[in-house]
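S.K.: Sequence plus predicted model, see below.
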Amino acid sequence: MIRAGRRHLVRTLADLAAQQGVSAQRYLKLKPYAAIGFPAPVSAAGARTRLYDGEQVDAYLLGKPVPELPVQDDDADLLDRQECAAELGISPRSWDGYKSAPLLAEHVTEVGGVEHWPRAIVRQYQASRPGKATVTGRPKNTGDQVPRDQLLPLTAPLLDADPAISAAAVTEELGVHRDTAQDALLRLRADRIAELMFTDPSLTPAQSAAALGYPAGQVRRAAVRAGAVLRARTVTPYLTDVAQAMHREGWTTTATPPDIQHPADDLVVAVLVLDGHHPPAPALVWDERQGWRTATSRRHPLTRGATLPPPGDGIRYLAQAQGTTPPPAALIAALAA
């Protein structure tokens, strides 16, 4: 946000480039603003347009201590789209519908090409809104309003628009249970953190989350799960080889790689259903802790949570002497034994 009385100090990346005597394109390529110690933007995390406090930047460039910005909220603070939405407890997409209200439209102001509203006006608008139920989102005793297979595709654009979006905001936007919204955000953030780490292995989960604009308090579980997602990507070629070997034996009707699951945030398991002719077991489960084991059910091959089932009653642990990733031939031999 732009703190009260500091609007005249705001600078865009183009302003910073001109200050350094380079083109905006070259400045973006060099990314001096990414250096350690460079002042953080005053714009919201993940904002498309970065805005900086000129006093802080000047001090940094002169090698002087960077002054701290005021931390106390003021009615004259200027809030951008994401910050206004957070103030009201809604999603940025919902704010886009609210901002046309006369009170907000009258007081909107552009700073660095970005729309802002005074904190006092946002609070005044909040107080003047018609009364609403204390609980928003999914009504009690009703099902989620979004089919499960559409949840991630519908949540992803909300996360794109607001990297700091809360589960409560997703609940209000989509009409799903808060736990459902939380799970969708967890999965999306973890996948994106993992993708960034895969692209740049030097990044830690925390660094990747910060680069994506995810607040630290919202991504502890996602950062853990991202590590599991990366391990799943690493083991996928091996699991594919096993699936193809099982298909050649006639124990599966297709060579489709097994479904990878995360019954716990820090765990990778995979399920391979043996639906061919005369298979040695209904299904196989690969668990990164213990390797392969048989399962007694095709529909429910995993035990509840992340519990490892004991051997017996149709559960066999296979080829463990060769580690958690035995060659497909060794696994087939163990199954046939």
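M.R.: On my side now, so go ahead. Please read these numbers as outputs of a predicted model, since none were measured by experiment.

S.K.: ok, for residue 326, nearest residue in space, not its chain neighbours?
M.R.: Once flanking residues are discounted, residue 326 sits nearest to residue 319: 3.8 Å by CB to CB, 6 or more residues apart in numbering. All C-beta atoms are positioned from the backbone trio N, CA, C, and that covers glycine.

S.K.: ok, the one you found to residue 23 distance?
M.R.: Distance, residue 319 to residue 23, using CB to CB, to the nearest Å: 61 Å.

S.K.: The closest residue to residue 205 other than its chain neighbours: neighbouring residues, count only.
M.R.: Spatial nearest neighbour of residue 205, chain neighbours left out: residue 223 (3.6 Å); criterion: CB to CB, 6+ apart. Residues contacting residue 223 under the criterion other CB atoms under 10 Å number 22.

S.K.: And for residue 247?
M.R.: Residue 247, neighbours per other CB under 10 Å, totals 15.

S.K.: before we move on, what SS does it have?
M.R.: helix (DSSP: H, G, I helix; E, B strand; the rest coil).

S.K.: okay, residue 319 and residue 23: which has more neighbours?
M.R.: Shown here are residue 319 and residue 23; by other CB under 10 Å, residue 319 has more neighbours (21 against 12).

S.K.: Residue 241 versus that one, what's the distance?
M.R.: With distances taken as CB to CB, residue 319 is found 14 Å from residue 241.

S.K.: List the residues that contact residue 159.
M.R.: 165, 185, 188, 189 (CB atoms under 8 Å, 6 or more residues apart in numbering).

S.K.: Remind me which helix or strand the last one belongs to.
M.R.: So the one you mean is residue 189. Taking DSSP states H and E as the criterion, residue 189 maps to helix 178-199.

S.K.: rewinding a little: so can I have TSV of the contacts of residue 159 showing pLDDT, neighbour count and distance to residue 271?
M.R.: Formatted as TSV, those follow (pLDDT from 0 to 100; neighbours: other CB atoms under 10 Å; distance: CB to CB, whole Å):
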residue	pLDDT	neighbour count	distance to residue 271
165	90	27	31
185	93	25	25
188	93	18	22
189	94	23	24
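
S.K.: Just the closest of these to residue 329, please.
M.R.: In terms of CB to CB, no member of the contacts of residue 159 lies closer to residue 329 than residue 188, at 38.4 Å.

S.K.: residue contacts, the closest one?
M.R.: 152, 155, 156, 159.

S.K.: Now the buried members of these.
M.R.: Buried residues within the contacts of residue 188, defined by neighbour count using 16 or more other CB atoms under 10 Å: 152, 155, 159.

S.K.: In helices, which of those fall?
M.R.: The helices, defined by DSSP state H, take in 152, 155, 159 from the buried ones among the contacts of residue 188.

S.K.: any idea how far residue 175 is from the residue nearest the centre of the chain?
M.R.: Nearest residue to the geometric centre of the chain (CA atoms, centre = their mean): residue 189, 1.0 Å. According to CB to CB, residue 189 stands 21 Å off from residue 175.

S.K.: hmm, back to that, my guess is the residue nearest to residue 205 contacts residue 193. True?
M.R.: Yes: when contacts are counted by CB atoms under 8 Å, residue 223 is listed as touching residue 193 (6.3 Å).

S.K.: so what sits against both of the two?
M.R.: The contact lists of residue 223 and residue 193 share 205, 209, where a contact means CB under 8 Å, 6+ apart.

S.K.: In contact with residue 223, which residues?
M.R.: Contacts of residue 223 (CB under 8 Å, 6+ apart): 190, 193, 205, 206, 209.

S.K.: no, scratch that, I was asking about residue 238
M.R.: Contacts for residue 238 (CB under 8 Å, 6+ apart) come out as residue 325.

S.K.: on that earlier part again, could you point out which of the buried ones among the contacts of residue 188 is nearest to residue 279?
M.R.: Proximity of the buried ones among the contacts of residue 188 to residue 279 (CB to CB) peaks at residue 152, which lies at 32.0 Å.

S.K.: With residue 183 as the reference, measure out to that closest one.
M.R.: 10 Å.

S.K.: any shared contact partners between those two?
M.R.: With the criterion set as CB under 8 Å, 6+ apart, the contacts of residue 152 and residue 183 do not overlap.

S.K.: May I see the contacts of residue 223 arranged in CSV, with distance to residue 108 as well?
M.R.: Converted to CSV, these look like this (distance: CB to CB, whole Å):
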residue, distance to residue 108
190, 36
193, 34
205, 37
206, 35
209, 31
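
S.K.: Just put those in CSV and tack on distance to residue 307, pLDDT and neighbour count.
M.R.: Listed next are the contacts of residue 223 as CSV, based on distance: CB to CB, whole Å; pLDDT from 0 to 100; neighbours: other CB atoms under 10 Å:
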residue, distance to residue 307, pLDDT, neighbour count
190, 22, 93, 25
193, 27, 94, 30
205, 26, 91, 21
206, 30, 90, 14
209, 29, 91, 26
